[in-house]
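> coordinates for the following, if possible.
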Amino acid sequence: MPTTPASTPRIAVIGAGPGGLTCARILQRHGIAVTVHDRDPGPDTRDQGGTLDLHEDNGQLALREAGLLDDFLRLARPEGQEMRQLDATTGEIGFHHVPEDGERFKPEIDRGRLRGLLLGSLAPGTVRWGRTLRSVEGPAAGPRRLHFTDGTVIEADLVIGADGAWSKVRRALSPATPQYTGISFLEAWFHDVDDRHPDLAALVGPGSTAAADGERCLFAQRNGDDHIRAYVIQRVPADWITAAGLTARDTDGIRALLLDRFRHWAPALRRLLTDNDGRYVDRPIHALPVPHTWEHDGAVTLLGDAAHLMPPLGVGVNLALLDACELALALASHDTVADAVRAYERTMLPRSAEMQRLLDGAAEGLLSDEPHQGGPESSEPFEPSGAR
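From the prediction side, this is the model:
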């Protein structure tokens, strides 16, 4: 791509999640200027979500291209690859994967820690905080104008939508909107577990523990800083809480409802419903139509969940990082932005369409009580995240 000041493209990434930040980092390593715009007032405004497993054959490849793989491996938790599947009624272990020494196919890292690593790698001032995108406007053949809710308007030669499930950038390319899958997660937190919840710490171990009875599932996962997140997974209407006459803040009411629904489960597992610190967080699971594609536009493209939101079955962040890496490398190796975007989408769209088809309806499998099969590649049923 030409690098003279007159021809340097103006690239704007919308969304300072792992995908958007990885794209910006690799672009900067290749001497390409980029700005990232995020609606949060700052990097520490909100909880960033749970732990992520970055796979050796996609997410870690992107971090290597970003020059951050060694830093990631120093921060990651390889012991987090351990996985236990328990019988829902007895609490006995039916499947147990313990990672071998040196195994690093998919070590865990807290989402906030990964974001901090990526943010720290960028040139000062790259991320513009407090920028909530309102719309993308302009002709397909020319620069786009980005209108933000604070009144800011900027022009960009390329707009990269890394703004997640409810992407505003997607609207410039596609009318598609995420649809509810029929499966809902209810998140619960447990802090200082080794001291305050030693029984749960032993139940979950250093990695993840799951149990299901065919209708519902409990999944608990060790995070960093002596913290566990648990997810109550159910096949329910999206409004199941309000339909029961409750609100998301009615912790006691929701807890009573869950205890009734899980009344036949082992007491040790039911403690994941009763001992949580603070209120629950409702996370209905949505997905984009299968496959999700759009007509090529040389000035706008998407990556990650903005492009191919799927059920959270362990691939989301890895595909987002791989998308980000391939898009950045295409921009660094093609003469025009439009050519780079076309080359990127020629690879990304078929790959994401194939994965969308594989995972279409697969969230139902989280409720299965069938014995787990497989090794480290399949030892974690899903990838919880800080859905926004």
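> pull out the buried residues from stretch 94-102.
Within stretch 94-102, the residues that qualify as buried are 97, 99, counting by 16 or more other CB atoms under 10 Å. For every residue, glycine as well, the C-beta is placed using N, CA and C.
> sorry, slip of the keys, the one I care about is stretch 352-367.
By 16+ other CB under 10 Å, the buried positions in stretch 352-367 come out as 352, 355-356, 359, 362-363, 365-367.
> ok, stretch 87-94 next?
Neighbour-count burial for stretch 87-94 flags 87-88, 91 (criterion: 16+ other CB under 10 Å).
> please apply the same query to stretch 337-356.
The neighbour-count check on stretch 337-356 (16+ other CB under 10 Å) flags 337-338, 340-345, 348-349, 352, 355-356 as buried.
> name the residues that touch it?
Here stretch 337-356 makes contact (CB atoms under 8 Å, 6 or more residues apart in numbering) with 1, 9, 11, 157-158, 287-288, 290-293, 296-299, 301, 303, 307-308, 310, 315, 319, 323, 326-327, 330-331, 333-334.
> same question, stretch 128-141
Applying CB under 8 Å, 6+ apart, the set of residues contacting stretch 128-141 from outside is 14, 16, 35-43, 144-150, 152, 155, 159, 163, 168-169, 171-172, 297-300.
> so among the residues you listed, which ones count as buried?
Neighbour counting with 16+ other CB under 10 Å marks 14, 16, 35-40, 43, 144, 146, 148, 159, 163, 168-169, 172, 297-300 as buried within the contacts of stretch 128-141.
> just the residues you listed: which are in strands?
When DSSP state E is applied, those are split such that 14, 35-37, 144, 146, 148, 159, 300 fall in strands.
> what ranges do the strands span in the stretch 251-388 of the chain?
Counting by DSSP state E, counting those that start in this stretch, the stretch 251-388 of the chain has strands at residues 281-287, 300-302.
> Trp265 is in contact with Thr90, isn't it?
No. Taking contacts as CB atoms under 8 Å, Trp265 lies outside contact range of Thr90: 9.6 Å.
> make a markdown table out of the buried residues of stretch 87-94 and add secondary structure, pLDDT and distance to Tyr231.
Formatted as a markdown table, the buried residues of stretch 87-94 follow (DSSP: H, G, I helix; E, B strand; the rest coil; pLDDT from 0 to 100; distance: CB to CB, whole Å):
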| residue | secondary structure | pLDDT | distance to Tyr231 |
| --- | --- | --- | --- |
| Asp87 | strand | 96 | 18 |
| Ala88 | coil | 97 | 15 |
| Gly91 | coil | 95 | 18 |
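> closest one of the residues you listed to Gly205?
Checking the buried residues of stretch 87-94 against Gly205 by CB to CB gives Gly91 as the nearest, at 13.5 Å.
> how about the nearest residue to the closest one, chain neighbours excluded?
Leaving aside its chain neighbours, Gly91 sits nearest to Ala266 (3.4 Å; criterion: CB to CB, 6 or more residues apart in numbering).
> try His308
His308's closest residue in space is Ser352 (CB to CB, 6+ apart), at 3.7 Å.
> got any ranges where this protein has weak pLDDT?
Applying pLDDT under 70 to the chain flags the ranges 1-7, 371-388.
> please identify the deepest-packed of the strands of the stretch 251-388 of the chain.
Sort the strands of the stretch 251-388 of the chain by mean neighbour count, taking mean count of other CB atoms under 10 Å, and strand 300-302 sits at the top with a mean of 26.
> so can I have TSV of the strands of the stretch 251-388 of the chain showing distance to Trp129?
Output for those, formatted as TSV (distance: least, CB to CB, whole Å):
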stretch	distance to Trp129
strand 281-287	23
strand 300-302	22
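> Ala123 is nearest to which of the ones you listed?
Of all the strands of the stretch 251-388 of the chain, the one in closest proximity to Ala123, counting by CB to CB, is strand 300-302 (22.4 Å).
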